[in-house]
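**Q** Pasting the sequence and the predicted model now:
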Amino acid sequence: MVPIMSLWLPILLSAVFVFIASSIVHMVFSYHYKDFQKAPNEDKLMDSLRGHGIPAGEYMMPYAGSPKEMKSPEFEEKRKKGPGAMLTVWDSANQTMGPMLGQWFLYCLIVGIFAAYVAGRALEPGAHYLAVFRFAGVTAFACYTVAHWQDVIWYKRSIKRTIAGAFDGLVYALLTAGTFGWLWPE
């Protein structure tokens, strides 16, 4: 068993490497540029939404507050009439990249902590590179990727976008695994 505190360097460096790789993925490569589609009549739709003063949050349309309400004729009529939508609204005036990048780096650190915990519990100091790579890599892959797969089912997320995200997660997991394998204590 390897104490998690003795893995601070691979935790920190893997987060730095993933942060850099994700920046390259999103700024250099173009495969995420079409993750979303432009809404028809975007300006008119945005003007309409703006006119309702919708506060930042997540919304579903049509919305039913309970299973009983979902069975009501009014809800069923709205559902049939369509369109169904899930809408995330944010405060555009306060939307800057700095805080989001900080949160992303913190998330990368947390993934590194999980990878350190799992690998540290499973392996001894001086473990073979590939054993460390395997435990840290699978843990990081699950953290960066697997949770998003259910969004295809429940939130109608694009399969193409989910596969692209899984590819990103694989790259991030490989970087994390390699860093842990490289810096594993003797």
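**A** Sure thing, it's come through. Residues are numbered from 1 along each chain as shown.

**Q** how much space is there between the residue located most distally from the centre of the chain and G82?
**A** In the chain, the residue that sits farthest from the middle, by Cα atoms, centre = their mean, is P73; the gap is 36.8 Å. Distance check for P73 against G82: by Cβ to Cβ, to the nearest Å, it reads 16 Å. Heads up, the C-betas are built off the backbone N, CA and C, glycines and all.

**Q** And for M60?
**A** On the measure of Cβ to Cβ, M60 and G82 end up 13 Å apart.

**Q** Kindly report the same for S92.
**A** Distance from S92 to G82, by Cβ to Cβ: 27 Å.

**Q** How about S6?
**A** The gap separating S6 from G82 is 56 Å, by Cβ to Cβ.

**Q** what about the helix or strand where D47 lies, distance to the chain center?
**A** In the assignment (DSSP states H and E), D47 maps to helix 42-51. For helix 42-51, the separation from the chain centroid amounts to 28 Å (computed by Cα atoms, centre = their mean, to the nearest Å).

**Q** I'd like to know which elements whatever helix or strand comes next after that helix is packed against.
**A** The helix or strand immediately downstream of helix 42-51 is strand 57-61, counting by DSSP H and E. With contacts defined as 3 or more Cβ pairs under 8 Å, 6 or more residues apart in numbering; DSSP states H and E, the packing partners of strand 57-61 are strand 85-89.

**Q** What strands line up against the strand it packs on, and which way round?
**A** Strand 85-89 sits in its sheet next to strand 57-61 (antiparallel), going by DSSP bridges.

**Q** Assign a three-state SS to S30, would you?
**A** Following DSSP: H, G, I helix; E, B strand; the rest coil, we place S30 in the coil state.
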